Every structure is written in C-alpha cells, then in structure tokens.
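[1] pasting the sequence and the predicted coordinates here, then a few questions.
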Amino acid sequence: MSDKGSADKGSTEKDTADERVDEGRTGPRLRDQLSSRADQLGSRAIEPIVKAVRGEIGKAKAEVADRARSARAGLVLVGVGAVLALVTVGLLAAVAVAALAVALPLWAATLIAFGVFAIASAVVLKVGISALGRGVPPVPKDTIAELGSRRSEAQPARD
C-alpha cells in the first residue's frame with residue numbers, strides 16, 4: 001500500500017510541476033495567439049485594398065496591351081503608307097520632268113524638278129524638326145503643374 005500511496009504522491013507532485021510549467025508558457029502562448037489574431041485582422045482589413053490595386057493593375061495591363069496592338073497595326077500601316085508616298089513622289093517628279101522636257105532640254109527639266117523637290121523637302125524637314133523639339137522629352141508638363149496646384153491647395157496655409 002505504501003507503494004500505491006507513494007505512486008499517487010509522485011503523480012500529484014508531477015502534475016503540480018506540469019501546471020507550473022504551463023503557467024509559465026501561458027503568457028507567451030497568449031501573446032502569440034493575440035499577435036496571430038492581430039495579423040489576421042490586419043490581413044482582412046488590407047485584403048480589399050490589395051484586391052482593388054491588383055484589379056486596377058490588371059485593367060491597366062490589359063489597356064496597355066490593347067493599345068500596343070493598335071499601335072503595332074498603326075505603325076505597319078504608316079510604314080506601308082510611307083513607301084507608297086515615296087513611290088508617288090517619284091512618279092510626280094517623273095511627270096514634272098516629262099512636262100518640262102516638252103519645252104526644255106531633258107537635263108534642264110530634271111534640274112528644275114530636283115530644285116523644287118529639294119526646297120519642299122527642306123521646308124517639311126524644318127517644320128518636322130521644330131515639332132519634335134516641342135515634344136521631346138515627353139514630359140507631361142500640364143499634369144505636373146496641375147498636381148502641383150492640387151498639392152498647394154491641399155496643404156494648409158502656414159502663417
């Protein structure tokens with residue numbers, strides 16, 4: 001019987017020691033649980049914002065891809081149009097030379113047509129280069145100015 005009594009006494013002491021160890025762990029466990037809850041609440045609060053941002057990024061990607069396809073098709077058509085325009089200008093030059101060759105020698109007619117086309121080319125290049133100068137670098141100056149004015153309106157007046 002003493003063996004049984006000592007066994008009960010030993011198990012009671014062991015249970016008490018386990019409780020003390022558990023009490024020491026309860027604080028960190030509780031903190032971990034609270035931290036986990038806070039993380040879950042934070043993720044739930046941020047989740048709609050993240051979904052909205054991802055949705056907007058997806059829409060922007062789709063819009064850029066659509067515009068790139070349109071731009072690619074436009075560039076191909078502009079290239080074909082430029083080649084046809086060069087052929088047309090060549091034919092126009094040939095007609096001008098042929099018309100002038102009726103009244104003048106062939107070399108004089110060709111020289112006059114060359115001069116007219118050279119002057120026209122110089123004028124078009126000059127206008128094109130000045131237009132490029134206005135557009136390069138492509139900085140949205142109006143948008144930047146508008147954002148600056150919004151920012152100054154949003155800031156409270158400092159006295």
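    Received the coordinates, thanks.
[2] show me what counts as buried in the strand or helix carrying residue 118.
    If you go by DSSP states H and E, residue 118 is part of helix 106-135. Neighbour counts using 16 or more other C-beta atoms under 10 Å place 109-110, 113 of helix 106-135 among the buried residues. Every residue, glycine included, has its C-beta placed from N, CA and C.
[3] determine the longest helix present in the chain.
    Determined from DSSP state H, the single longest helix within the chain is helix 2-103.
[4] so can I have CSV of the buried residues of helix 106-135 showing pLDDT and distance to residue 128?
    CSV is the format used below for the buried residues of helix 106-135 (pLDDT from 0 to 100; distance: C-beta to C-beta, whole Å):
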residue, pLDDT, distance to residue 128
109, 92, 29
110, 92, 26
113, 91, 22
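[5] can I get those in JSON lines including distance to residue 142?
    Shown next, in JSON lines, are the buried residues of helix 106-135 (distance: C-beta to C-beta, whole Å):
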{"residue": "109", "distance to residue 142": "51"}
{"residue": "110", "distance to residue 142": "49"}
{"residue": "113", "distance to residue 142": "45"}
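[6] which of those residues sits closest to residue 49?
    Closest to residue 49 out of the buried residues of helix 106-135 is residue 113 (67.5 Å), distances taken as C-beta to C-beta.
[7] report how many residues lie close to the closest residue to that closest one other than its chain neighbours.
    In this structure, residue 113 finds its nearest non-sequential neighbour in residue 96, 4.3 Å apart by C-beta to C-beta, 6 or more residues apart in numbering. Residues near residue 96, counting by other C-beta atoms under 10 Å, number 17.
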